[in-house]
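[1] predicted model, plus sequence, below.
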Amino acid sequence: MGQKTLAELKSTRDFNNVLESFLPYQGRLTPETIFKWDYLTCAPVMISNFGSSAHGVLANGDQFSAIFPGSDGEYYTSHASNVGAFTAVGNYFSTVLGGSAAADTNSIVGGLNLQGDDETADNLGIEMVLGGSPQGGSGNKCTIGTHAMTFDATFYSPDWTDHDAVTIGFRKAGAAFETGHGAILAAATGDPLYTDFVAFGVQSADDLQIASALNDGARTYTDTTVATAASGNHRFKITVTSAGAVSYEHVGAAAMDAGTLIAPTTTAAYSFDDGDVVVPYIVVQGTNQNSAIYLKSATVTRSPGVAYATS
């Protein structure tokens, strides 16, 4: 059978059936939830194979992917970079514990372990952009002036003093990974290497802080004066209005995704510029302790969604 011309193909039943299958998506928007995973209702995370010079050995800034299965059979992508050089000794980012529990509590050791190779050296960690790449795509980019956003995550640690940074945030799309970012958050001073961002969580051991930068200036590092508990769950939430105004909430010692979120008494005002395109990200950085940090859940929303097709 010879090849058909486009005109002949368009007149076939198969072509029309395929075309009609896409028509319902024209003008429709993607779901508002662009990332949603937890260790109880979702399958374990799939991490791409590690290895640079040898299996399990990574150079500073090596990149990899992680796919998070959703509770309804969907999948969420992520793009990550390790911070510091990893040996083959460390725990890396592939262990998920506690998935057989009936429900979460503050004391359950469970989630995706993000400690990496902290046991062998100081200032090692990870930065992970959720829902896609740092460049931003239809799966994870949010446009200030169009979209409102939330980022809600629960972490568990047996010892929060062992971590210099366990933080969530939004940063301007397009910037390559900067492996020195977490150390600046922990030090609460200096050039954070990203021109436009907000970050909220543990920044310096056992200390809840806010960091931000706007237009490669106006850098702020704010101690909320809230100290984390010695161990257990901590939940952090960032809300960004469609106008770009950012607010922060936190609760400790509660079950995953539970408890009453409260805004810190000491906070920092911040607004992204209209038209900025941002992506959600996580930073974890350790203090040379063999101490796990577990991501129990993460949910990112973008409202409204983006169009599947325009015409």
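    Yes, it's here. Numbering: from 1, shown residues only.

[2] where does pLDDT dip in the stretch 51-200 of the chain?
    51, 88-94, 117-120 (pLDDT under 70).

[3] which of the residues in stretch 191-209 are buried?
    For stretch 191-209, the neighbour count (16 or more other C-beta atoms under 10 Å) marks 192-205, 207-209 as buried. (Each C-beta comes from the backbone N, C-alpha and C, glycine too.)

[4] what's the end-to-end length of it?
    16 Å (C-alpha to C-alpha, to the nearest Å).

[5] how far does it sit from its chain's centre?
    14 Å (C-alpha atoms, centre = their mean, to the nearest Å).

[6] before we move on, what about stretch 257-274?
    17 Å.

[7] just stretch 99-117 next, same as before
    For stretch 99-117, the distance to the chain centre is 17 Å (C-alpha atoms, centre = their mean).

[8] again, but for stretch 137-146
    Distance, centroid of stretch 137-146 to centroid of chain: 15 Å (C-alpha atoms, centre = their mean).

[9] could you do stretch 177-192 as well?
    17 Å.

[10] so what would you say the end-to-end distance of that stretch is?
    End to end - C-alpha to C-alpha - stretch 177-192 spans 12 Å.

[11] mind listing what's buried in that stretch?
    Going by neighbour count (16+ other C-beta under 10 Å), the buried part of stretch 177-192 is 177-179, 181-186, 188, 192.

[12] same thing with stretch 274-293?
    In stretch 274-293, counting by 16+ other C-beta under 10 Å, buried: 276-287, 291-293.

[13] wait, A205 touches T161, no?
    Yes. A205 is within contact range of T161, at 4.6 Å (criterion: C-beta atoms under 8 Å).

[14] joint contacts of these two?
    Here A205 and T161 share the contacting residues T287, scored by C-beta atoms under 8 Å, 6 or more residues apart in numbering.

[15] which residues touch M128?
    66, 78-81, 114, 281-282.

[16] and with 7 Å instead?
    66, 78, 80, 281-282 (C-beta atoms under 7 Å, 6 or more residues apart in numbering).

[17] likewise G61?
    Contacts of G61 by C-beta under 7 Å, 6+ apart are 81, 177, 179.

[18] returning to what we had before: what is the nearest of the buried residues of stretch 274-293 to R302?
    Closest approach to R302 among the buried residues of stretch 274-293 (C-beta to C-beta): P280, at 9.0 Å.
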